[in-house]
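Participant: I would like the atomic coordinates for the input below:
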Amino acid sequence: MANVRVERTEDGGFRATNARGAEVAIGGGDQEGVFTPVELLLAAVGGCNIVTVEPLTAQRGHRLVRLAMTVESEKIESHKLGTVTVTYDVEVPSEEAGEVFEAVAHRVHEKYCTVSRSLQDGTEVRLELP
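Facilitator: Now for the predicted structure:
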């Protein structure tokens, strides 16, 4: 089970903390040094894909020279995102490595990235109040 705690900090900001002690500062788009909730959603999509693609490509004998991505979306309504687009930025050491990377990236996107699949399938979000 995945679990994070999100709370207001003493200085009036917000912070998400996981059980392993990692923290992420959260705030509005006009604040420096923080992620907005939408940026965290996009980071989750990118993170899920990239941390799955990299080891699977390496297991197939191909270490990519550069592996990065940009994840972006625009609001289509005041409180709703449109299509999320993942754009890889890679440098491959060979044509064969490029073919392996492409096959792995497609498979991860279609089957193995929990975050992307949950967004695509419209996972229910339930509210529980005290």
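
Participant: and the gap between residue 119 and residue 104?
Facilitator: Residue 119 sits 20 Å away from residue 104, taking Cβ to Cβ, to the nearest Å as the criterion. (Glycine included, C-beta is placed from N, CA and C.)

Participant: Comparing these two, which residue is more hemmed in?
Facilitator: Remark: of residue 119 and residue 104, residue 104 carries more neighbours, 21 against 15, as counted by other Cβ atoms under 10 Å.

Participant: if I read this right, the more buried one contacts residue 56, doesn't it?
Facilitator: Yes: applying Cβ atoms under 8 Å, one finds residue 104 in contact with residue 56, separated by 4.8 Å.

Participant: residues making contact with the helix ranked longest in the chain?
Facilitator: When the chain is parsed with DSSP state H, its longest helix is helix 37-59. Applying Cβ atoms under 8 Å, 6 or more residues apart in numbering, the contact partners of helix 37-59 are 16, 24, 26, 35, 63-64, 67-73, 81, 84, 86, 97, 100-101, 104-105, 107-109, 112-116, 119.

Participant: centre of the chain versus it, how much separation?
Facilitator: 5 Å (Cα atoms, centre = their mean, to the nearest Å).
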